[in-house]
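Asker: A structural model of the following input is requested.
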Amino acid sequence: MSFLGLFKKKAVTKAASDQKQGRAILVFENTSEVIRAENLLKKAGWETRVMGPPPEIRSGCDLVIEIPLIEELLMLRTLREAGITPLQTVPVSSPLLQPVDIFQIKDFGDYLMVRAANMKLTVDKKTQVIVNISGGGCPDVPYLAWQMVGKTLSQAPAPRDIGHTLCGYALQLAYEEMMRRC
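Answerer: The predicted structure follows:
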């Protein structure tokens, strides 16, 4: 079997495995609840992924948490005990309910840009200096840019430590992805 054939076979097997395992989406009223829930669930050792909501279930918040369906009841109990209640839990049972990946990566040669939701973080690949932060419409975006641009990834403060909005959270996701890639 060719390498491409083997790759396709593994991709199909993984997709089938993911479907069998089942996923669900936790929908929250606002971004603060998403952030609190994600932190709590990760701290408890569960695998979660913050995604963009599919258009069919958008309810105001631009983020949802994707979880393993088999763990739903235990995760909901953990959230409830902490005073966090999702608006709804939606099993991902059709392609229309697939959450949207919030990351886009663009390589400009000397620079790498990671976009998470509406926030973009651009870094010089050789020096790892942050050269630009843009996007969003939250009031803390200029402050975040002022604190981070011109510093290396390792010197810049983490956006979660200095930002308090959806844009700050999205920039944190872009920052984490950039750290993984550089």
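Asker: for Gly150, see how far away the spatially most central residue of the chain is.
Answerer: Nearest to the geometric centre of the chain sits Val50, at 4.0 Å (C-alpha atoms, centre = their mean). In this view, Val50 and Gly150 are 28 Å apart by C-beta to C-beta, to the nearest Å. Backbone N, C-alpha and C define where each C-beta goes, glycine included.
Asker: likewise Val141?
Answerer: 16 Å.
Asker: next one: Arg36
Answerer: Distance, Arg36 to Gly150, using C-beta to C-beta: 32 Å.
Asker: for the strand or helix carrying Val131, the distance to its chain's centre please.
Answerer: Val131 belongs to strand 130-135 when assigned by DSSP states H and E. In terms of C-alpha atoms, centre = their mean, to the nearest Å, the centre of strand 130-135 is found 18 Å from the chain centre.
Asker: now do the next helix or strand after that strand against strand 130-135, angle only.
Answerer: Moving toward the C-terminus from strand 130-135, the next helix or strand (DSSP H and E) is helix 141-148. Counting by axes from the mean of the first three to the mean of the last three C-alpha atoms, to 10 degrees, helix 141-148 points 170 degrees away from the direction of strand 130-135.
Asker: residues contacting helix 141-148, please?
Answerer: With contacts defined as C-beta atoms under 8 Å, 6 or more residues apart in numbering, helix 141-148 is touched by 119, 130, 132-135, 156-157, 159, 162-163, 167-168, 171.
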